[in-house]
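Visitor: can you look at this prediction? I've put the sequence above it.
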Amino acid sequence: MAFALIRNSDNAWLAGPLEQQPSPGAGERAIEVALGYPERVAWSPAKGGFVDIVTASPLLTVGRFKLLFTYQERAALRAAAQSSDLIADFLDLLNGFTDGVALDDPVLVASIQALVPAGLLTAARAEQVLAGISPA
C-alpha cells in the first residue's frame, strides 16, 4: 500500500507515493494511492481522484496481433511454450485479451521484449511487432 499527500484547495499532488501514511498539515489530506499508479491510472486534480489512463494505441484483435508474427515465429512460440513457463504464460495472457491487444500495454511490451533473449525474436522484429508492423 502507498500513500500520497494532496492539497485540499486545488487537489494538487504534494508528495508521494509514500510507503507510510503521512500526517497531513492544515489544508491537506492523505490518500491511498490507487492500484496501477502510475502505469494504468493517474491523479487528476480536476476530478480530485484517480482516472484510468487511456491508451493512445488502438486495440487489435488477438487474431490481428498474432498476424504481426510470421508463421515460423508463431510455430516457434508454440513449440517453446511446451518447455518454457514464461512463453506458455505469454500465450495464455494473450489469449485472455478478450477486449483486444494494446501495443503499448506494459505487460505486452515486457513480454515481447522477453522473447528476444529467449531467441524467439530478434530485437528488430520485436520493435516491428510493438510498432504494429506486419512481417514482409
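Guide: It's in.

Visitor: can you give me the strands in this structure?
Guide: 3-7, 13-18, 28-32, 41-44, 49-52, 59-60, 101-102 (DSSP state E).

Visitor: separation between the residue located most distally from the centre of the chain and A118?
Guide: No residue in the chain sits farther from the centre than A26, which is 36.6 Å out by C-alpha atoms, centre = their mean. The gap separating A26 from A118 is 55 Å, by C-beta to C-beta, to the nearest Å. Heads up, the C-betas are built off the backbone N, CA and C, glycines and all.

Visitor: same question for K66.
Guide: Counting by C-beta to C-beta, the gap from K66 to A118 is 18 Å.

Visitor: check contacts around V41.
Guide: Taking C-beta atoms under 8 Å, 6 or more residues apart in numbering, we find V41 in contact with 34-35, 50-53.

Visitor: quick revisit: and the strands of the chain as TSV, adding mean pLDDT?
Guide: TSV is the format used below for the strands of the chain (pLDDT from 0 to 100):
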stretch	mean pLDDT
strand 3-7	94
strand 13-18	93
strand 28-32	95
strand 41-44	87
strand 49-52	84
strand 59-60	89
strand 101-102	89
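
Visitor: that'll do, ta.
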